[in-house]
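> structure here, sequence nowhere to be found:
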């Protein structure tokens, strides 16, 4: 039917009548733009998150059995929803011998970032497509099978390590050989009215039969962005960054000074997810001010760049397991001690639990989820300071009864139970309230139990600290996928 750019997708979608939505969509390219375009499409197909939860089925890292089940579901009428939608995220069904080297690069990137679970899934899928066993995946055979450059097996020691990881974890190679043919047959056959298939992928091969079938009978959204270092590529990247920034700023009724935007680009680079999160932080930080200046960028973003351990605890607070595992590896490689990292995670989650405690009291009634920063500063911060003061007085009273330090009026009781230890700087406190919303109290208690177990394991056993911390982070985040 049609093949369009992500830039014109929203406009194109607005012009489409509900009865004319395509039965199948392919969205490929930059992961952030793919997620954004996919959500835009879902919002157009099924307005309202509640309704989407009833009629949208999402799967990732699909295998043959999942594809068959999902396609069967897509071809079954529902009594409870007017539309049925299946979303296959990050599909690898377009992989051919011509683009397998790109797949190898993705596996190596995940492995280097210590994202072993994700690396293993991609690795096993690739082995299945090449009809290789895990035991056969030695560096030399791997290089020859995937037509890598001569001599490249000399730098493929990581393949053996990843194969060992898969074997130790009891993982097996999925049956993936028929995924493409299943999808191709289903698309050719067609789906019932108001039933839609959405596929997202980072890379595609336009010469495959599946791509051509989707192009002939559906809609393809191209979200690719040049990744090179040539001036032309850098200009395209900057243009995309400017477009995304303008969209977020316009929605908030704000502007950003040109120098501020350039400073932010230098700090973050071409990472659309991090860039968008940075813009959101700046919007909250500047409150009612309409223009974001370079000083704001330096105040909000530079500090976190200089303190990588806070980036890790921030990623865990966001339940972003992928980013957290990558940052963990960077910290360990740079010399941070594993117990220091564990303590930082524990301190951060304790702060979130303190926020939960405050919100559950009468003082916390002033807080509303996602309230603007300026309102938080003017309405909630005074309540927090009053709450902290009452808490300190209570602790002092307990200490005095026990004959402790507070019995001496010249001594102050030090406590980690205060929410606003620096009340003149309310922005970090505001961020803690936003992050606390990502967890329930039960989840935080379970996280503390997991942290205690990790502490005992690290101090009393011979287990590899890297692995213990990885497993702890995965358990706390719930998965290695971002919730944001």
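Yes, it's here. Here the structure is a predicted model, which is why all the values come from computation and not from measurement. Residues are numbered from 1 along each chain as shown.
> domain assignment for this protein?
Taking automatic domain parsing as the reference, the chain has its domains at 2-92+177-223, 100-168, 227-306, 309-484.
> got these as a markdown table, with mean pLDDT and mean neighbour count columns?
For every residue, glycine as well, the C-beta is placed using N, CA and C. Formatted as a markdown table, the domains of the chain follow (pLDDT from 0 to 100; neighbours: other CB atoms under 10 Å):
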| stretch | mean pLDDT | mean neighbour count |
| --- | --- | --- |
| domain 2-92+177-223 | 84 | 17 |
| domain 100-168 | 77 | 17 |
| domain 227-306 | 86 | 16 |
| domain 309-484 | 82 | 16 |
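> thought residue 276 was touching residue 268, still the case?
No - the criterion here is CB atoms under 8 Å, and residue 268 misses it with residue 276 at 9.8 Å.
> where do the helices sit along the stretch 1-150 of the chain?
Here the stretch 1-150 of the chain has its helices, by DSSP state H, counting those that start in this stretch, at 6-14, 31-45, 49-55, 64-74, 100-112, 116-129, 139-145.
> please identify which of those helices is closest to residue 346.
helix 116-129 (23.2 Å; CB to CB).
> now do the closest one against helix 64-74, angle only.
On the basis of axes from the mean of the first three to the mean of the last three CA atoms, to 10 degrees, helix 116-129 is oriented at 90 degrees to helix 64-74.
> for helix 116-129, name the packing helices and strands.
In terms of contacts (3 or more CB pairs under 8 Å, 6 or more residues apart in numbering; DSSP states H and E), helix 116-129 is packed against helix 100-112, helix 157-168.
> of all the ones you listed, which one comes closest to residue 262?
Here helix 100-112 is closest among those (CB to CB), at 27.5 Å.
> and that closest one, what other elements does it pack with?
Taking 3+ CB pairs under 8 Å, 6+ apart as contact, the helices and strands that helix 100-112 lies on are helix 116-129, helix 157-168.
> off-centre distance for that helix?
19 Å (CA atoms, centre = their mean, to the nearest Å).
> and the angle from it to helix 157-168?
Going by the same axes, to 10 degrees, helix 100-112 makes 70 degrees with helix 157-168.
> quick revisit: in a markdown table: the helices and strands packed on helix 116-129, plus distance to residue 336.
Shown next, in a markdown table, are those (distance: least, CB to CB, whole Å):
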| stretch | distance to residue 336 |
| --- | --- |
| helix 100-112 | 18 |
| helix 157-168 | 22 |
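> residue 370: which of those helices is closest?
Closest approach to residue 370 among these (CB to CB): helix 100-112, 32.3 Å.
> ends of stretch 171-188, what's the gap?
Terminal residues of stretch 171-188 are spaced 34 Å apart (CA to CA, to the nearest Å).
> contacts for that stretch?
If you take CB atoms under 8 Å, 6 or more residues apart in numbering as the criterion, stretch 171-188 is touched by 23-24, 62-65, 67-68, 71, 74-75, 92-94, 120, 124-125, 127-129, 131-134, 197, 199, 208-210, 213-214, 217-218.
> please apply the same query to stretch 238-249.
Applying CB under 8 Å, 6+ apart, the contact partners of stretch 238-249 are 7, 30, 33, 225, 255-256, 261, 265, 270, 272, 275-276, 279-280, 283, 292.
> state the pair within these that is farthest apart.
Largest pairwise distance in these, by CB to CB, is 25.2 Å, between 30 and 255.
> which residues touch residue 344?
For residue 344, the contact set (CB under 8 Å, 6+ apart) comprises 309, 312-313.
> pipe those into CSV and attach secondary structure and distance to residue 459 per row.
Below are those laid out as CSV (DSSP: H, G, I helix; E, B strand; the rest coil; distance: CB to CB, whole Å):
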residue, secondary structure, distance to residue 459
309, helix, 20
312, helix, 21
313, helix, 21
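> quick check, nearest of those residues to residue 108?
Checking these one by one against residue 108 (CB to CB), the nearest turns out to be residue 312, at 22.4 Å.
> quick one: the strands in the stretch 151-300 of the chain, in order.
Under the criterion DSSP state E, counting those that start in this stretch, strands of the stretch 151-300 of the chain are mapped to 195-201, 219-223, 255-256, 291-292.
> which ones are touching the nearest residue to residue 377 once chain neighbours are set aside?
In space, and not counting its chain neighbours, residue 377 is closest to residue 426: 4.9 Å by CB to CB, 6 or more residues apart in numbering. When contacts are counted by CB under 8 Å, 6+ apart, residue 426 touches 376-377, 381, 420.
> again, but for residue 376
Contact partners of residue 376, counting by CB under 8 Å, 6+ apart, are 367, 426, 430, 433.
> again, but for residue 157
Counting by CB under 8 Å, 6+ apart, residue 157 makes contact with residue 139.
> ok, it to residue 138 distance?
To residue 138, residue 157 is 10 Å away according to CB to CB, to the nearest Å.
> ok, now residue 367?
57 Å.
> let me see the contact set for residue 337.
Residue 337 makes no contacts at all, as judged by CB under 8 Å, 6+ apart.
> next up, the contacts around the closest residue to residue 260 other than its chain neighbours.
Distances taken as CB to CB, 6+ apart place residue 294 nearest to residue 260, at 4.4 Å, with adjacent residues excluded. By CB under 8 Å, 6+ apart, the contact set of residue 294 is 257, 259-260, 263.
> tell me where the stretch 301-450 of the chain has helices.
Under DSSP H, counting those that start in this stretch, the stretch 301-450 of the chain gives helices at 303-306, 308-317, 321-333, 338-359, 373-375, 381-401, 426-436, 441-460.
> tell me which of the ones you listed lies nearest to residue 164.
Each of the helices of the stretch 301-450 of the chain has some distance to residue 164 by CB to CB; the shortest is helix 321-333, at 17.9 Å.
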